[in-house]
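K.L.:
heads up, no residue letters with this:
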């Protein structure tokens, strides 16, 4: 089935884009210049008998692990007909096994919601991927992990990052001519990505994706759930009913030393979706009777901008009932302006 056949008889098409900052459009001169918008604009012009709605669920600095936890809230509630998934760049440091598990979780969540949804995997480029893999004639670990799931589910995939690298070689172009900060495209880079996606859409098969009953990866993130932190109460914690950097409707916060939250959960792993702010401090955390570890809600990016990000705290637990304990520490990074801990949700699987 070609694109024209798929669109025949359809009036409204919802295009969903799930990924990191490249999907979100970082580096483009305007929202209309990222590849998501450019592809939607082309389809709208090429097929005026159809109405195309774009849902951009890109979140900068996040990987497919958080993607599996947030895909329902950020994208599937909009009932997309087509979903483009882009996480190869942000999954660079993720293990092969984890990459397979997270991407299969995303795919199975999408298909469980609507088995008629078409899914397309797209892979982007950074200088780091060039130096570590492409310049050595190798495929990135993240791309190999994602492609394993694409092959298993007969999902069309497009390595437009590799195509961009080939273009750079042909033109003897520096990476910065398309990726000024070596990661995020400029308008020329986004235009190239959009061009390759459009070519691919015209060539690929638009048949529905089969949904096998048995997963490829046992223990994938198909049933990962995002639980709002406002559901939990703790002494010296305040519920703030305003968006967490536009990502969640609320969050809980505290800067009182030793303020503790106790989160009972059932599963094998738990993480947090929290604020990385210029005044963020550190937490101590442990599950059950395990040794306490520390984590900071501040990094060098906070000097220039605040944002939401995720952190997987504990994984590989024996499935069952557990308790996560979090407390505010009287410690912070030297450049941080405070000790605040702000948590929007817990990630449980």
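P.N.:
Cool, got the structure. No experiment lies behind these values; they were computed from the predicted model shown. Numbers count the residues shown, from 1 in each chain.
K.L.:
for residue 314, give me its contacts.
P.N.:
269, 270, 271, 285, 287, 290, 324 (CB atoms under 8 Å, 6 or more residues apart in numbering). No exception for glycine: its C-beta is placed from N, CA and C like everyone else's.
K.L.:
residue 252 is in contact with residue 244, correct?
P.N.:
No - the pair residue 244 and residue 252 does not pass the contact test of CB atoms under 8 Å, sitting 9.9 Å apart.
K.L.:
shared neighbours of the two, anything?
P.N.:
Counting by CB under 8 Å, 6+ apart, the contacts common to residue 244 and residue 252 are residue 342.
K.L.:
and residue 116, how close does it get to residue 144?
P.N.:
Distance, residue 116 to residue 144, using CB to CB, to the nearest Å: 28 Å.
K.L.:
no, scratch that, I was asking about residue 12
P.N.:
36 Å.
K.L.:
still on that earlier bit, counting only strands, which of the contacts of residue 314 make the cut?
P.N.:
270, 271, 285, 287, 324 (DSSP state E).
K.L.:
farthest pair in those?
P.N.:
271 and 287 (11.2 Å; CB to CB).
K.L.:
looking at the two, which is more packed in?
P.N.:
residue 271 (22 against 19; other CB atoms under 10 Å).
K.L.:
got a list of what that one touches?
P.N.:
By CB under 8 Å, 6+ apart, the residues touching residue 271 are 65, 69, 310, 311, 312, 313, 314, 346, 347.
K.L.:
which of these sits closest to residue 87?
P.N.:
Using CB to CB, these come closest to residue 87 at residue 65, 8.9 Å.
K.L.:
re the thing from before, list residues touching both of residue 271 and residue 287?
P.N.:
In contact with both residue 271 and residue 287: 313, 314, using CB under 8 Å, 6+ apart.
K.L.:
can you map out the strands along the stretch 1-150 of the chain?
P.N.:
In the stretch 1-150 of the chain, strands defined by DSSP state E, counting those that start in this stretch lie at 12-19, 51-58, 82-86, 118-122, listed in chain order.
K.L.:
what's the angle between the second one and strand 82-86?
P.N.:
Going by axes from the mean of the first three to the mean of the last three CA atoms, to 10 degrees, strand 51-58 is angled at 30 degrees with respect to strand 82-86.
K.L.:
before we move on, the earlier item: distance to residue 100 added to the ones in strands among the contacts of residue 314, as a markdown table?
P.N.:
Output for the ones in strands among the contacts of residue 314, formatted as a markdown table (distance: CB to CB, whole Å):
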| residue | distance to residue 100 |
| --- | --- |
| 270 | 21 |
| 271 | 18 |
| 285 | 27 |
| 287 | 24 |
| 324 | 26 |
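K.L.:
closest one of those to residue 306?
P.N.:
If you rank these by distance to residue 306 using CB to CB, residue 271 comes first, at 19.5 Å.
K.L.:
which of residue 116 and residue 144 has more residues huddled nearby?
P.N.:
Each of residue 116 and residue 144 has its neighbours counted (other CB under 10 Å); residue 144 has more, 15 against 8.
K.L.:
please name the residues that touch that one.
P.N.:
residue 96.
K.L.:
ok, it to residue 212 distance?
P.N.:
Distance from residue 144 to residue 212, by CB to CB: 21 Å.
K.L.:
ok, now residue 236?
P.N.:
48 Å.
K.L.:
could you single out the nearest of the ones in strands among the contacts of residue 314 to residue 25?
P.N.:
residue 271 (25.8 Å).
K.L.:
after the host helix or strand of residue 194, which helix or strand is next?
P.N.:
If you go by DSSP states H and E, residue 194 is part of helix 187-203. Moving toward the C-terminus from helix 187-203, the next helix or strand (DSSP H and E) is strand 225-228.
K.L.:
in its sheet, what does the helix or strand following that next one sit against?
P.N.:
Remark: after strand 225-228, the chain's next helix or strand is strand 238-240, criterion DSSP H and E. Its sheet considered, strand 238-240 pairs with strand 251-254 (antiparallel) by DSSP bridges.
K.L.:
show residues contacting the partner strand.
P.N.:
229-230, 232, 234, 236-240, 244, 261, 274-275, 328, 340-344.
K.L.:
starting at the chain centroid, how far to that strand?
P.N.:
Centroid separation for strand 251-254 versus its chain: 23 Å, with CA atoms, centre = their mean, to the nearest Å.
K.L.:
okay, buried residues for it please.
P.N.:
Buried residues in strand 251-254, defined by neighbour count with 16 or more other CB atoms under 10 Å: 251, 252, 253, 254.
K.L.:
repeat that for stretch 240-250.
P.N.:
Buried positions in stretch 240-250, judged by neighbour count with 16+ other CB under 10 Å: 244, 245, 247, 248.
K.L.:
measure stretch 298-305 end to end?
P.N.:
11 Å (CA to CA, to the nearest Å).
K.L.:
ok, now stretch 81-99?
P.N.:
24 Å.
K.L.:
stretch 173-188 too?
P.N.:
Taking CA to CA, stretch 173-188 runs 12 Å from one end to the other.
K.L.:
which residues are in contact with that stretch?
P.N.:
Stretch 173-188 is contacted by residues 21-22, 26-29, 33, 35, 89, 125-128, 130, 164, 167-168, 171, 189, 192-193 when judged by CB under 8 Å, 6+ apart.
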